[in-house]
Structures are given as structure tokens and as C-alpha cells.
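> sequence? don't have it. structure:
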Ligand SMILES: Nc1ncnc2c1ncn2[C@@H]1O[C@H](COP(=O)(O)OP(=O)(O)OP(=O)(O)O)[C@@H](O)[C@H]1O
Ligand SMILES: [Mg+2]
């Protein structure tokens, strides 16, 4: 079943066109990776999907429903949640309050409590730092918080924009194994990554983005072995 | 310089300053809330206060209350004033947001346009009471000051050799502090308050977490407006008067208080208001009451020279329990 579909999405920043008619889809239960060079339009794609930025033209369908005209907060209520690039945590709130923000729209108190458990199990560090101001946490801790917070909305579609950015190799491995764990627990994941190798190994399918258009797509394994991809994104000749 | 007067009546003068300052502080909250979330100086807020004072007058005449009325009427009128003034003020603040500011936000207008619009709204509201309503209904609307019956006769509750405090002073100070504590708890501890802080810190991410930004903005206008309405009620109890342009000076002072305490910071509004009120009465005792308004700004400039972010500094974004 298709959970998310982008049809011919065009997105502008003033006169700058960032997405030139982008089309992609994500099926329920999948992990899909979106890779591409700096400035290719990965973050813009995430902004378009999550509703932070409106489209010039095109259509976004989530769970069979056209959400193109919905605001970001309305789309969250439909069941998607983005952990934005550069983490986007609330620096003046504690770790606990940031996680509470993730559950902002939820009324099911008991389920929220069990999601807290789940997030603290995935990221024990967050439990230790519950009362700390998020702005004073290390970059890696903030990244965990951003991912944990997006889980607190219990999304059907989790959108991750460069979850490994600025992390040490050990931590990157850990983040990717957590992403796959989250996926196995039933959440569909669309992940943007510079770290193409890890992303492609993890993903069921992947799209390659170049200057605002999809230039290639396939299974993670196929793209990992694609010579041109290896050259351009994996640093192997 | 009349040091003798200041020392002889130091206690009384201080209490008087705290009373004034409490009213500044309540009005300052509206500036600080709106600034904290929208980075907008809402010049129309002074008129939100002004509308509150007229509403008190309206509430009193609705039940026919004046100084000579029986206790029953006095109580009903006072309760009505405490209900209707914040309602009318909150309604005015909300109307300004919906009619003037929201359309500008939709068009991504630059800050200068908001500023001019705010000043325009302020003028429209003052002239509504100064001219339009006068043209339709005649007095009490118009450009003259109007006295408001003082339903709570002033009595000294504390009378020691060094300090005397009256019932209305206690009412004003206590009511202001109770409102502030309640607002502070709401913003720092409730779910909606968390939404307000989230929008203040990062509007886009707040939306990504499901916060409806327009609702938060309406909420802060309503809260700030209601606080100004309570301030208006307390003001009329204490000073028995209103005027079409009464908001101007109080608005400027309250805004000064907000900046003094650290604009965007709720607790800063309280500190700034009280400091300003006290400094004003000290200076008017030391020099003369003509100097009162000047001193307010001298203090502001001095504080900002040494602490550009105000006394408490942090913004609403960072402020928390
Ligand atoms: N707010 C903005 N205003 C103007 N142009 C923008 C804005 N945000 C992005 N762009 C432009 O849009 C294009 C795509 O940017 P985007 O952030 O989507 O790239 P990206 O693939 O996420 O890059 P990176 O890997 O560096 O994060 C770039 O050319 C960028 O300069
Ligand atoms: Mg990016």
C-alpha cells in the first residue's frame, strides 16, 4: 500500500527553484532513503512533504488523502512527523519538555507514557538528561532528542533529515540501527542522508536527487552496486 | 531636592510606587507576550487598556452603581467590572490581531509595516472614543476626562508609624501578583503554555510538532488583553478616572517596564513594572511630579546601557520555571 506520494512537486524560494517536478512514493512499512549532493533539494523535499513550505505546483498524497493544501500542524495530525535538519530542538526547554512537545497533539495519556518508555529505552541518555536544557546538550544528544521527539507523536511516517549529521562513526552506526529498529516496530521511514553507504544498506529502496529532480531510483542493494552511484556518492572509483 | 520628605514618608511612598508599578506590570505582560512570540511591538496595546477602563464605567452604569449605592449593588458592580473589563480588553486585542495583524502575516509583510499598522490601530481606537462614539452617543465619550465612581472607599488597613497601606493599594498589588503567578504557571507548566513557548522559540518546528500557530497567537492576544483589562479595573479603583487617550502614557510606561525587565520575559515584566513604579514616585518626591515621566526614561536608558537585554534579560523563548 502506498503511504506517501509526491507527484510533479515544484517548490520555489522566491525566484530560486529548488524542486523541479519531483515524483516519488513510499509504501507502508518501507525504509526509503533519499540521497544527493549538497543543495540537491533533499531538505526542500522534506519541507514540502511536512508542510513547512507550500508548493508552487504538484500534489502530495498521504494515506490516500490529498494533503497539499494542509498546514504542517494539520499534516502532523494525519500521522507524519519530521525531525528537521540541524535538529530543530527547542533549546530553552528541557529534554522532558521537548519530548512532551512531540506528544503535543495526543490525548491518549497511557499510550504516551508507554512511548516515553520506548524512547528512553532506545535512547537511555535522554532519560539521564531529562531535566537538562536541550540547548546545552551535545550535538549527538540533540540528534537523539530530535529523533526521540518525533517518535513521541507516534507517526506512521517518520521523516528524518540527515539524522547522522555531525555524529561520530560509532554513534552513526547506533542511529542507523535504531532507525531499523523503529521500522521493525512498524513505522514507515523516509530518510535523507549524506551518508549514502549506510543509508543504502539500511533502505529497502532509495532515490537519488540531483538539482531538484530524481535521477535514479531502485532498491538499496542495487544502488549500492551501481557503478555511477559508487563513484558519485560512495567515494569508490 | 526634598530628601526630608522622602525619608519621612519612605514606607508610604514605596507602597504607592509598588501600587503604580503593579498596574504597569500587568499592562507590560501584553507587550511582552506579543513581542516574545511575534517580535512585534503592539502599540495598540495601550488602547486595549483604555477600552478596559471605559468598560468599567459601562459596567457600573449598567447596574446603576455609584458612590452612594447599597452594598449589594457595589459588590455586583465590582464583580461585573472584574469580569467585563478583561473580556472587553481581550476582545479588543483579539480584534486587532484578526483584523490588522493576521492579514499582514499572511502576506509576509516586513516588520516596519506591522509597526505602522500597530500605531494606526492605536490611533483608530483612541479616536473612536475621543470622537466617533462622542458623535453618536455624546458624553461621557469625547475628549474630556471622565470620572469613574469609586465604589471601594479608601480605608487604611495598615497604619504604623513608618508605613500606612490602604485597602485599595493591597487589592491592586495582591491582584496583580496573583494574575502574574497564574499566567507564569500557565505558560511554564501547561500544555498550551508549552505550545506558546515552542512558537516563541521556533515557529516552524512548533508547527511540525502539531502546534497551530494562529491559535497560539490568538491565545497570547487574549491573555495579554485580559491582563490589561484587569489592570484597567484596578486602575479605575485606585485613580477613579478615564479618558480617550488614557492609554498613551500608561502604555509607554508599561512598554518601558517590559523593556526594563527584559522584553519577552514574563517575570521581567513584573520586575520592570515594580522598579519603574517605585523609581517614579521617589523621583517625584525628590524633585517634583513634573519629573516623574522623565525619570522613567532616564532609568530605562541607564539600565540598558549596562544591561542591554533588561534586568532579567532572557526572552520568553528561554524563560521558564
Ligand atoms: N530558505 C531558502 N531560500 C532560498 N534558497 C534556498 C532556501 N533553502 C534552500 N535554498 C536553495 O534550494 C536548493 C536546495 O536546498 P536544500 O536545502 O533542499 O538542499 P539539500 O539537498 O538539503 O542540501 P544539504 O545536503 O546541504 O542539506 C539550494 O540551492 C539552496 O540554496
Ligand atoms: Mg539539507
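Sure thing, it's come through. Not measured: the values here are computed from a predicted model. Ligands and ions are numbered 1, 2, ... in the order given.
> can we go C-alpha only for contacts and neighbour counts from here?
Fine.
> any idea how far the worst-scoring helix or strand of chain A on mean pLDDT is from the chain center?
Every helix and strand of chain A was ranked by mean pLDDT, DSSP states H and E. The lowest is helix A:227-233, at a mean of 83. Put simply, helix A:227-233 sits 23 Å off its chain's centre (C-alpha atoms, centre = their mean, to the nearest Å).
> just list the residues touching residue A:163, thanks.
Residues near residue A:163 by C-alpha atoms under 8 Å, 6 or more residues apart in numbering or on different chains: A:83, A:85, A:143, A:147, A:175, A:191-193.
> I'd like to know which of those residues are part of strands.
Counted as lying in strands by DSSP state E, out of those, are A:83, A:191-193.
> SS state for whichever residue of chain B sits closest to chain A?
At 3.8 Å from chain A, residue B:210 is the closest residue in chain B, using C-alpha to the nearest C-alpha. State at residue B:210, reduced to three classes by DSSP: H, G, I helix; E, B strand; the rest coil: coil.
> hmm, residue A:82 and it touching each other?
No: with contact defined as C-alpha atoms under 8 Å, residue B:210 does not reach residue A:82; the gap is 10.8 Å.
> just give me the longest helix of the chain.
Assuming you mean chain A. helix A:169-184 (DSSP state H).
> look at chain B instead
Max-length helix for chain B by DSSP H is helix B:10-38.
> so which elements touch it?
Judged by 3 or more C-alpha pairs under 8 Å, 6 or more residues apart in numbering or on different chains; DSSP states H and E, the packing partners of helix B:10-38 are helix B:45-62, strand B:164-166, helix B:167-189, helix B:191-201, helix B:213-239, helix B:246-261, helix B:266-286.
> and that helix, how far out from the chain middle?
That offset, for helix B:10-38, works out to 7 Å (C-alpha atoms, centre = their mean).
> what of stretch A:86-103?
17 Å.
> could you do stretch A:117-124 as well?
With C-alpha atoms, centre = their mean, you get 19 Å for stretch A:117-124.
> now it: mean pLDDT?
Mean pLDDT, computed over stretch A:117-124, is 92.
> go on, stretch A:44-56?
On average, stretch A:44-56 scores 96.
> ends of it, how far apart?
With C-alpha to C-alpha, to the nearest Å as the measure, stretch A:44-56 spans 12 Å from end to end.
> and it, what's buried?
Using 16 or more other C-alpha atoms under 10 Å in any protein chain shown as the test for burial, stretch A:44-56 gives A:44-55.
> what does it contact?
Residues outside stretch A:44-56 that contact it (C-alpha under 8 Å, 6+ apart): A:6, A:9-12, A:18-19, A:60, A:68-72, A:75-76, A:80-82, A:159, A:161, B:204, B:207-208.
> tell me the buried residues within those residues.
A:6, A:9-12, A:18-19, A:60, A:68, A:70-72, A:75-76, A:80-82, A:159, A:161, B:204, B:207-208.
> where does pLDDT dip in chain A?
Scanning chain A for pLDDT under 70 picks out A:236-237.
> chain B contacts on that one?
A:50, A:52, A:72-77, A:81-82, A:84, A:88-93, A:97, A:101-105, A:150, A:153 (C-alpha under 8 Å from any C-alpha of the partner chain).
> go ahead and confirm residue B:270 touches residue B:22.
Yes: counting by C-alpha under 8 Å, residue B:270 touches residue B:22, with 7.2 Å between them.
> neighbour count: these two, which is higher?
residue B:22 (33 against 28; other C-alpha atoms under 10 Å in any protein chain shown).
> pretty sure that one is touching residue B:271, no?
No: between residue B:22 and residue B:271 there is no contact under C-alpha under 8 Å: 9.3 Å.
> show me what the longest helix of chain A is packed up against.
Secondary-structure packing of helix A:169-184 (3+ C-alpha pairs under 8 Å, 6+ apart): helix A:196-202.
> now tell me what touches whatever helix or strand comes next after the helix it packs on from outside.
Per DSSP states H and E, helix A:196-202 leads on to strand A:205-210 as the next helix or strand towards the C-terminus. Strand A:205-210 is contacted from outside by A:24, A:30-37, A:40-42, A:200, A:214-220, A:223, using C-alpha under 8 Å, 6+ apart.
> cool, and stretch B:132-140?
Contacts for stretch B:132-140 (C-alpha under 8 Å, 6+ apart): B:141-142, B:146.
> all helices of chain A, in order?
Going by DSSP H, chain A shows helices at A:42-50, A:72-78, A:95-102, A:109-122, A:124-128, A:139-151, A:169-184, A:196-202, A:220-224, A:227-233.
> that concludes my questions; thank you for your assistance.
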